[in-house]
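Asks: sequence first, predicted model second:
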Amino acid sequence: MAAKLRFNCTNNMAECEACIVGLKIAIGINVYELLVIGDSDLLIHQVYREWAVKNPKIVHYVQYVQKLCKRFHKIEFRHTPRIQNELADTLATITSMIKHPNTDYTDPVDRELKGHLVHCSHVEAEPKGLPSYFDIKKYLEFGTYPEDATSNQKK
């Protein structure tokens, strides 16, 4: 199965969306035991709660994946590097080549996901209520960093 996301999102958001679509398909066909093979080591460790979710835009995605996992009797996530995952690479290539004739078309899966908190439009809010580019714009205009900026953030 291949799905094409028809909205702008980060790679991590796309990984989560793909995982959610796959889990929902498995649930829809009454799968009770599932092996999820993915190339996002980050997502797998976050789903297993081994790594913290630091990006506020991803929190709701990971929580929703964890919620869907509870629908299975047994579920295992296994990391496979993209270079070794020929099937995923082939599906991604094929999907990127498919052009829908109607540019206003919205996939049914996308429409279905919009009702849940996992969709990117629900996680765009910034913690301080400011746009995500605010600190960058302030730096470009005045050459100043936020008071709480770490050395990594300044880079």
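Replies: Good, I have the coordinates. Computed from a predicted structure; not experimentally measured. Numbers count the residues shown, from 1 in each chain.

Asks: how about the strands in the protein?
Replies: Assigned strands in the chain, in chain order: 33-38, 74-79 (criterion: DSSP state E).

Asks: who does the last one pair up with?
Replies: This means strand 74-79. strand 33-38 (parallel) (DSSP bridges).

Asks: can you check which helix is longest in the chain?
Replies: Identified as the longest helix of the chain according to DSSP state H is helix 11-28.

Asks: show me the domain layout of this structure.
Replies: Segmentation of the chain into domains, based on automatic domain parsing, reads 11-124, 129-155.

Asks: mean neighbour count, those: which tops it?
Replies: For those, the largest average neighbour count (mean count of other C-beta atoms under 10 Å) is found in domain 11-124, namely a mean of 14. For every residue, glycine as well, the C-beta is placed using N, CA and C.

Asks: hang on, the earlier thing: among the strands of the chain, which is nearest Lys155?
Replies: The closest of these to Lys155 is strand 74-79. By C-beta to C-beta, the value is 28.1 Å.

Asks: got the angle for the closest one vs helix 11-28?
Replies: 150 degrees (axes from the mean of the first three to the mean of the last three C-alpha atoms, to 10 degrees).

Asks: need the strands of the chain in JSON lines with mean pLDDT and distance to Glu17, can you?
Replies: JSON lines is the format used below for those (pLDDT from 0 to 100; distance: least, C-beta to C-beta, whole Å):
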{"stretch": "strand 33-38", "mean pLDDT": "91", "distance to Glu17": "12"}
{"stretch": "strand 74-79", "mean pLDDT": "93", "distance to Glu17": "16"}
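
Asks: save these as CSV, and put in distance to Phe134 too.
Replies: As requested, these are exported to CSV (distance: least, C-beta to C-beta, whole Å):
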stretch, distance to Phe134
strand 33-38, 33
strand 74-79, 35
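
Asks: ok so, going back, I'd like the domains of the chain laid out as CSV, including distance to Lys4.
Replies: As requested, the domains of the chain are exported to CSV (distance: least, C-beta to C-beta, whole Å):
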stretch, distance to Lys4
domain 11-124, 5
domain 129-155, 25
